[in-house]
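Engineer: quick one: sequence and predicted model below, then my questions.
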Amino acid sequence: MKRIKAYNIFSLIVTVALFYSCASVKKINYFQDLEPGVAEQTGAPIEIKIRPNDKISIVVNSKDAELSNLFNLPIVSHRIGTSSLSAGAQQVSGYTVDAYGDIDFPVVGKIRVAGLTRAEIAAHIKHTLITGDLVKDPVVTVEFMNLGFSVLGEVNNPGKFYIDRDGMTLLDAIGMAGDLTIYGKREAVYVLRDEQGEQVPYRVDLTSARQLYLSPAFYLQQNDVVYVEPNSVRARHSTVNGNNVRSTSFWLSLTSLLITITVLFVK
């Protein structure tokens, strides 16, 4: 009889452990609806459009280097760790878009760039230089300089990260932040986005590839804030003692007690 009771107690312990293990796996795995060989539909890549206060670099090249340099800002060098100009890493000066969405371009003057993509800005400047008979064969390159996004919450390396190309995704952001911690809520990742002066939240479920790929927040924009909500385990750990009926410490204590009782019954 004692052995039967001990067996029943041990079975209960194993059942509880397996239940919580299975529940945890379902909450941790990404892309649970993916099927091998089945393609998932994604939204069209979104190119970033320049906004006021963004900073961009614009470089004009042509066969006549002396002529094209008239349209380029000077190259400056900064010593790492200081703000003074000195011998060090060279970098191109940038244009900061003013409140009206314009930049002051050498020789040409004011150019409206707000609401345009990098390719559109490059094409517009190239057209202006050619039609104004300023440069016959210009090659215009536009790059981002201060555009970025922030990742907060339950990730391994939260912080601000810079956008160096179009088409950066939420998955890129999570990868740059070192992935979610074990306490990150996969089904509750938020992207806060500034849209016409208002903060618009988008909720993304990383356990569903279909929902993720079709989300308006899949492709990131400048100044986005990615926030990973903590799961219930982390929330419980944030209490004063964390020792309630649903806490990990409670179940560990209970398991230890049951094992002790099992040993006593066996004896």
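Structural biologist: Received, thanks. Numbers count the residues shown, from 1 in each chain.
Engineer: which residues of this protein score low on pLDDT?
Structural biologist: 1-27, 40, 76-92, 234-267 (pLDDT under 70).
Engineer: now do the helices in it.
Structural biologist: 2-28, 65-68, 118-131, 170-176, 209-213, 232-237, 248-266 (DSSP state H).
Engineer: surely residue 68 touches residue 140?
Structural biologist: No - assessed by C-beta atoms under 8 Å, residue 68 is found out of contact with residue 140, at 9.6 Å. Quick note: C-beta positions are derived from backbone N, CA and C, even for glycine.
Engineer: between those two, who's got more neighbours?
Structural biologist: residue 140 (23 against 20; other C-beta atoms under 10 Å).
Engineer: list residues touching both of residue 68 and residue 140?
Structural biologist: In terms of C-beta atoms under 8 Å, 6 or more residues apart in numbering, residue 68 and residue 140 are both contacted by the residues residue 60.
Engineer: how far is the longest strand along the chain from where the chain is centred?
Structural biologist: Assignment by DSSP state E gives strand 184-195 as the longest strand of the chain. Centre-to-centre, strand 184-195 and its host chain are 10 Å apart (C-alpha atoms, centre = their mean, to the nearest Å).
Engineer: for that strand, which strands pair with it and how are they oriented?
Structural biologist: Strand pairing for strand 184-195, using DSSP bridges, gives strand 198-204 (antiparallel), strand 225-230 (antiparallel).
Engineer: adding distance to residue 111 and mean neighbour count, write the ones you listed out as CSV.
Structural biologist: Formatted as CSV, the strands paired with strand 184-195 follow (distance: least, C-beta to C-beta, whole Å; neighbours: other C-beta atoms under 10 Å):
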stretch, distance to residue 111, mean neighbour count
strand 198-204, 28, 13
strand 225-230, 30, 20
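Engineer: from residue 159, how far off is residue 150?
Structural biologist: 7 Å (C-beta to C-beta, to the nearest Å).
Engineer: kindly apply the preceding question to residue 69 instead.
Structural biologist: For residue 69 relative to residue 159 (C-beta to C-beta), the value is 37 Å.
Engineer: would you map the strands across the stretch 1-150 of the chain?
Structural biologist: 55-61, 75-78, 89-92, 95-96, 102-105, 109-112, 139-144, 148-153 (DSSP state E, counting those that start in this stretch).
Engineer: could you dump these into a markdown table and include distance to residue 32?
Structural biologist: Shown next, in a markdown table, are the strands of the stretch 1-150 of the chain (distance: least, C-beta to C-beta, whole Å):
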| stretch | distance to residue 32 |
| --- | --- |
| strand 55-61 | 40 |
| strand 75-78 | 47 |
| strand 89-92 | 44 |
| strand 95-96 | 44 |
| strand 102-105 | 46 |
| strand 109-112 | 46 |
| strand 139-144 | 34 |
| strand 148-153 | 21 |
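Engineer: what's the closest of these to residue 120?
Structural biologist: Residue 120 lies closest to strand 139-144 among the strands of the stretch 1-150 of the chain, at 9.0 Å (C-beta to C-beta).
Engineer: next, the angle helix 118-131 makes with the closest one.
Structural biologist: With axes from the mean of the first three to the mean of the last three C-alpha atoms, to 10 degrees defining the directions, strand 139-144 sits at 150 degrees from helix 118-131.
Engineer: what are the buried residues along strand 139-144?
Structural biologist: Buried residues in strand 139-144, defined by neighbour count with 16 or more other C-beta atoms under 10 Å: 140, 142, 144.
Engineer: pull the contacting residues for the last one.
Structural biologist: This means residue 144. Counting by C-beta under 8 Å, 6+ apart, residue 144 touches 48, 54-56, 118, 162-165, 222.
Engineer: so which of the strands paired with strand 184-195 comes closest to residue 38?
Structural biologist: Among the strands paired with strand 184-195, strand 198-204 sits nearest to residue 38 (C-beta to C-beta), with 20.8 Å.
Engineer: appreciated, that's everything.
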